[in-house]
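Enquirer: Structure for the following, please:
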Amino acid sequence: MESRVATSTASPLAVLRPGSLTAYWRFQRAVAKAQLAAWLPAGRRLLVDISGPTAASPAHAAGAGHAVVRVVTAHPGAPPAAERGAAAGRIAAVVAEPGSLAFLADGCADGVIAEDGALSRHLMAEDLAAEIARVLRPGGKLLACVDSLVLGMAMLAEQRRWAHLTDLPHAEVVLIPWPDGTITRCFGAAQFYDLLTEAGLEVTSIRPRTVLSPSTVDHVLRQQPGAMARLVRAELQAGQDPAAGGSPDEAFGISLVATARKPC
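Expert: Numbering: from 1, shown residues only. All right, here's what the predicted structure looks like:
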């Protein structure tokens, strides 16, 4: 997503620009990897990954010993080096229509990974959420990441769409146009919760991907280049802080991450 916007360093979207706050992007990738590792089920399971062609989640999941069905929109060609080295024989790429899991049987998967805004890219996210619930076995788990309302509001402000920005708090569905012509759907925590529960899933957590700000991360890593692991631990602990009461602060984060399960 970071390649879709060209902004100044003063812009609220500067964090999305390639080359901007490189340390923060390394931090975000490390946090996403740690969140995935914490979510992965025990043992060897069958997982379906609909995160898209650039996601690292299939390699990480396969590297942990799981069999991964990676859904892609075009023939992927030779697997990336990371997949060849860490997950040989454990990732099967399947070319399918975006947002459709019709080729999978009911209750066949132990888990579904929908990273990199997969539900945001599919504007009829309700249909995709229902498909995810269908293919999960009872007790199966979901890890999903979506674009947040914080990102949507920043994007509208960047484009000076003031009327749309004013109407945003009252909108049931928030669709955000990008300069390259694409459209993504942004969610608040309550909207994300409703999306998953209406599909028949039990939500176990919703939180921003990161609560540490890009400027904080960049400052710490400039001062202490070896502090990445400590920052990631601090981030994960912040996400589990009981003082938060289980309700994510929507003032933080350009994306929201949810975990959910299919009732037994």
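Enquirer: pLDDT-wise, which helix or strand of this protein ranks last?
Expert: Every helix and strand in the chain was compared by mean pLDDT, DSSP states H and E; the lowest is helix 81-86, with a mean of 48.
Enquirer: Report the strands that pair with the helix or strand following it, each with its relative direction.
Expert: Counting by DSSP states H and E, the element after helix 81-86 in chain order, helix or strand, is strand 91-95. Strands that pair with strand 91-95, judged by DSSP bridges, come out as strand 67-72 (parallel).
Enquirer: what sits up against the partner strand?
Expert: Strand 67-72 is contacted from outside by 44-50, 53, 58, 61-62, 76, 87, 90-96, 101, 104, 109, using C-beta atoms under 8 Å, 6 or more residues apart in numbering. In this view, the C-beta of every residue, glycine as well, is placed from N, C-alpha and C.
Enquirer: what sits up against the longest helix anywhere in the chain?
Expert: Identified as the longest helix of the chain according to DSSP state H is helix 22-39. Helix 22-39 has contacts (C-beta under 8 Å, 6+ apart) with 2, 15, 56-57, 60-61, 64, 111, 113, 115, 141, 143, 145, 209-210, 212, 214, 217-218, 221-222, 228, 231-232, 235-236, 257, 259.
Enquirer: Format the CA atom coordinates belonging to it as PDB.
Expert: The C-alpha coordinates for helix 22-39 follow below in PDB (Å, rounded to 0.1, in the frame of the first residue of the first chain):
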ATOM      1  CA  THR A  22      12.100   3.300   6.700                       C
ATOM      2  CA  ALA A  23      12.700   2.300  10.300                       C
ATOM      3  CA  TYR A  24       9.000   2.400  11.100                       C
ATOM      4  CA  TRP A  25       8.200   0.200   8.100                       C
ATOM      5  CA  ARG A  26      10.800  -2.300   9.400                       C
ATOM      6  CA  PHE A  27       9.200  -2.100  12.800                       C
ATOM      7  CA  GLN A  28       5.700  -2.600  11.400                       C
ATOM      8  CA  ARG A  29       6.800  -5.700   9.500                       C
ATOM      9  CA  ALA A  30       8.500  -7.100  12.600                       C
ATOM     10  CA  VAL A  31       5.300  -6.500  14.600                       C
ATOM     11  CA  ALA A  32       3.100  -8.100  12.000                       C
ATOM     12  CA  LYS A  33       5.400 -11.200  12.000                       C
ATOM     13  CA  ALA A  34       5.300 -11.400  15.800                       C
ATOM     14  CA  GLN A  35       1.500 -11.000  15.800                       C
ATOM     15  CA  LEU A  36       1.200 -13.800  13.200                       C
ATOM     16  CA  ALA A  37       3.500 -16.000  15.200                       C
ATOM     17  CA  ALA A  38       1.400 -15.500  18.300                       C
ATOM     18  CA  TRP A  39      -1.800 -16.300  16.400                       C
END
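Enquirer: So which elements touch the next helix-or-strand element following that helix?
Expert: Where DSSP H and E defines the elements, the next helix or strand beyond helix 22-39 is strand 46-49. With contacts taken as 3 or more C-beta pairs under 8 Å, 6 or more residues apart in numbering; DSSP states H and E, strand 46-49 sits against helix 57-63, strand 67-72, strand 109-114.
Enquirer: where does this structure dip in pLDDT?
Expert: 1-21, 75-89, 161-170, 239-252 (pLDDT under 70).
Enquirer: Could you tell me the angle between the longest helix of the chain and strand 109-114?
Expert: Angle, helix 22-39 to strand 109-114, by axes from the mean of the first three to the mean of the last three C-alpha atoms, to 10 degrees: 160 degrees.
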